[in-house]
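Q: Build the 3D model from these lines:
(one chain, ligands or ions: 2)
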Amino acid sequence: MKRDFISIADYSRDWVEEIFKMTGDIKAKQKNGEVYHPLKNKNLVMIFQKPSARTRVSFEIGMWQLGGYALFLAPADIQLGKREATKDIARLFSRYNDGIMARLFAHKDMLDLAAHSHIPVINGLTDLLHPCQIMADLFTIKEHLGRITDFKIVFMGDGNNVAHSWLNMASNIPFHFVLSCPKGYEPDQTVLEAALAADVGKIEIVHDPFDAVKDADVIYTDVWASMGQEEEQKKRDKDFRNYQVNANLMSMAKPDCKFMHCLPAHRGSEVTDEVVDSENSIVFDEAENRLHVQKAIMVDLMG
Ligand code: CP
Ligand code: NVA
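A: Residues are numbered from 1 along each chain as shown. Ligands and ions are numbered 1, 2, ... in the order given. From the prediction side, this is the model:
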């Protein structure tokens, strides 16, 4: 039976810890210059409906480092669901490839792709979720805090795809997740309710940003308008203006509070230069770990 990686909610804490163990080994091998080719002669096809720097490069390079090959398809290439039905692409690509990584708008298309393909499908972001990002994020927290439980993380801003995958992670692992958003920008009700029902992590929505960040070990933010929401940019800039992560807000958290951002950052909007470039910012460790953690996920699913 093939396995997909569409949502962290489909997996357990044990699996996350197993992937982190593999990630540590794979990262060490790469740092030591060891050749490690568990995916020799395998290939990954990558379908992108949206732009990307980190996801594209980390998957493509990651696959090459594992001894395999990755094929990049830009938004105009196959026009999933327009030029050809998603289920036909799923069946077709299952004949050519060993795995699919996709970055799509509609989450339903990701589920269709997975349902109709005979090879593993990895979610490289949809409007609903961004699971690879949060795997890399929690691994980065483990490196910096020395643990994956019992910390407080405050997600400042929009209840978006990145926030949803954090909620999924908090339904597996006991940490304190606070989402601080303006009214009207709460996360998807179904995702939130499932995380609350799991009763594993402590989950709160706190609209006041200053109340939210008290005692935070990590403050996390993301863009105010995600890909596909560009026409709402002006309204969102107004609605989110009190949610900027700046030095003043950071000073309200724990003294050694880390700053995280999935990137790309809109410097001067959701975060100031002084915070992104500060000593407590771990955004590039986080971005680097996309590579290592995704290599572990690919080995697990495609090896
Ligand atoms: N964080 C992230 O997924 O970056 P890209 O959009 O550049 O892939
Ligand atoms: N929420 C952002 C994440 C980008 C990596 C978006 O979907 O555009």
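
Q: could you pull out the helices for this structure?
A: Taking DSSP state H to define them, one finds helices in the chain at 13-31, 54-65, 75-78, 86-96, 107-116, 131-145, 161-170, 189-198, 209-212, 233-239, 247-250, 273-276, 283-302.

Q: any idea which of those scores lowest on pLDDT?
A: Sorting the helices of the chain by mean pLDDT places helix 75-78 lowest, at a mean of 95.

Q: Please name every helix or strand in contact with it.
A: Contact partners of helix 75-78 among helices and strands, from 3 or more C-beta pairs under 8 Å, 6 or more residues apart in numbering; DSSP states H and E: none. To be clear about C-beta, it is placed using only N, CA and C from the backbone, and glycine gets the same treatment.

Q: Buried deepest among the helices of the chain, which one?
A: Compared across the helices of the chain, helix 161-170 shows the largest average neighbour count, a mean of 26 (mean count of other C-beta atoms under 10 Å).

Q: who's in contact with that helix?
A: 7-9, 16, 125-131, 133-134, 137-138, 153, 155, 157, 177, 179, 181, 187-188, 191-192, 194-195, 198, 200-203, 220, 222, 226, 262 (C-beta atoms under 8 Å, 6 or more residues apart in numbering).

Q: Go back to the residues you listed and keep what's next to ligand 1.
A: Subset of those in contact with ligand 1: 125, 133, 262, counting by C-beta under 6 Å from any ligand atom.

Q: re the thing from before, dump the helices of the chain into JSON lines; add distance to ligand 2 as well.
A: Converted to JSON lines, those look like this (distance: least, C-beta to the nearest ligand atom, whole Å):
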{"stretch": "helix 13-31", "distance to ligand 2": "20"}
{"stretch": "helix 54-65", "distance to ligand 2": "7"}
{"stretch": "helix 75-78", "distance to ligand 2": "14"}
{"stretch": "helix 86-96", "distance to ligand 2": "20"}
{"stretch": "helix 107-116", "distance to ligand 2": "12"}
{"stretch": "helix 131-145", "distance to ligand 2": "6"}
{"stretch": "helix 161-170", "distance to ligand 2": "5"}
{"stretch": "helix 189-198", "distance to ligand 2": "14"}
{"stretch": "helix 209-212", "distance to ligand 2": "18"}
{"stretch": "helix 233-239", "distance to ligand 2": "12"}
{"stretch": "helix 247-250", "distance to ligand 2": "20"}
{"stretch": "helix 273-276", "distance to ligand 2": "15"}
{"stretch": "helix 283-302", "distance to ligand 2": "10"}
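
Q: Redo those helices as JSON lines? Include distance to residue 37.
A: Putting these into JSON lines (distance: least, C-beta to C-beta, whole Å) gives the following:
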{"stretch": "helix 13-31", "distance to residue 37": "11"}
{"stretch": "helix 54-65", "distance to residue 37": "9"}
{"stretch": "helix 75-78", "distance to residue 37": "28"}
{"stretch": "helix 86-96", "distance to residue 37": "21"}
{"stretch": "helix 107-116", "distance to residue 37": "27"}
{"stretch": "helix 131-145", "distance to residue 37": "22"}
{"stretch": "helix 161-170", "distance to residue 37": "30"}
{"stretch": "helix 189-198", "distance to residue 37": "37"}
{"stretch": "helix 209-212", "distance to residue 37": "46"}
{"stretch": "helix 233-239", "distance to residue 37": "44"}
{"stretch": "helix 247-250", "distance to residue 37": "43"}
{"stretch": "helix 273-276", "distance to residue 37": "36"}
{"stretch": "helix 283-302", "distance to residue 37": "11"}
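
Q: So which of these is nearest residue 42?
A: helix 283-302 (5.8 Å; C-beta to C-beta).

Q: Let me know the angle separating the closest one from helix 13-31.
A: 110 degrees (axes from the mean of the first three to the mean of the last three C-alpha atoms, to 10 degrees).

Q: contacting residues around the most centrally placed residue in the chain?
A: For the chain, the residue nearest the mean C-alpha position is residue 133 (2.0 Å; C-alpha atoms, centre = their mean). By C-beta under 8 Å, 6+ apart, residue 133 lies in contact with 125, 162, 165, 262, 290.

Q: measure residue 11 to residue 4 for me?
A: Relative to residue 4, residue 11 is positioned 10 Å away (C-beta to C-beta, to the nearest Å).

Q: quick one on the thing from earlier: out of the contacts of residue 133, which one sits closest to ligand 1?
A: Of all the contacts of residue 133, ligand 1 sits closest to residue 262, with 4.0 Å by C-beta to the nearest ligand atom.

Q: Skipping its backbone neighbours, what lies nearest that closest one in space?
A: Nearest non-adjacent residue to residue 262, counting by C-beta to C-beta, 6 or more residues apart in numbering: residue 133, 5.0 Å away.
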